[in-house]
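J.: model this:
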Amino acid sequence: MFRRPPRSPFQVDTDPAFDDWDLRQARDRVQEGDWSAARNVLDASNGDWERKIHRASVLAELASGRDQWLHAWLSTSPHDPSGVALVAAALNARAGQARGTAAATDTTLHQFQSFAELSEQSEA
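T.: Predicted coordinates:
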């Protein structure tokens, strides 16, 4: 009489890498300290700018929390355009995190100042 509805065999995949398995694998390798995986997956975009921008945004979000791998990349190749762009994107992500998602009236002066400082750094 009171049966439970059957469970769905499908799982919702909320990974921001979507179905880009190369990006997922590169992100996993980056988390293990292999920064070259990030460079390689960005270079493998082969002129597909939409794919490259998506890959960069996923990697930048990762770097906004743990960026040792990104600093290692830039210490090896300080003028690599992809690496420099990732630094700016990571700083931009940090700025958004510092600002938070609350309405301006519920955001502290410290949050606004952190947002402004990180935003300026990302422009440099």
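J.: Point out where the chain drops to low pLDDT.
T.: Scanning the chain for pLDDT under 70 picks out the ranges 1-2, 4-7, 124.
J.: Any chance you could list what contacts stretch 51-65?
T.: 16-18, 20, 23, 26-27, 30-31, 38, 41-42, 45, 69-70, 82, 85-87, 89-94, 97 (C-beta atoms under 8 Å, 6 or more residues apart in numbering). (Each C-beta comes from the backbone N, C-alpha and C, glycine too.)
J.: now swap in stretch 94-102 and tell me
T.: If you take C-beta under 8 Å, 6+ apart as the criterion, stretch 94-102 is touched by Ser64, Thr107, Gln111, Phe112, Ser114, Phe115, Leu118, Ser119, Ser122.
J.: what's the closest of the residues you listed to Leu74?
T.: Distance to Leu74 across the contacts of stretch 94-102 (C-beta to C-beta) is lowest for Ser122, with 14.4 Å.
J.: who's in contact with that closest one?
T.: So Ser122 contacts Val87, Ala88, Ala89, Leu91, Asn92, Ala95 (C-beta under 8 Å, 6+ apart).
J.: Tell me how far the second one lies from Arg29.
T.: Summarising the geometry, the distance separating Ala88 from Arg29, computed by C-beta to C-beta, to the nearest Å, is 22 Å.
J.: hang on, the earlier thing: in helices, which of the contacts of stretch 51-65 appear?
T.: Of the contacts of stretch 51-65, the ones assigned to helices by DSSP state H are 23, 26-27, 30-31, 38, 41-42, 69-70, 82, 85-87, 89-94, 97.
J.: Give the ChimeraX command for selecting the buried subset of these.
T.: Typed into ChimeraX, the next command selects the buried ones out of those (criterion: 16 or more other C-beta atoms under 10 Å):
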select :23,26,27,30,38,41,42,69,70,82,86,87,89,90,91,92,93,94,97
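J.: any idea which element the spatially most central residue of the chain lies in?
T.: Closest residue to the average C-alpha location of the chain: Glu61 at 2.0 Å, with C-alpha atoms, centre = their mean. Secondary-structure assignment from DSSP states H and E places Glu61 in helix 49-65.
J.: Name the residues of that helix that are buried.
T.: Arg51, Lys52, His54, Arg55, Ala56, Val58, Leu59, Ala60, Glu61, Leu62, Ala63, Ser64.
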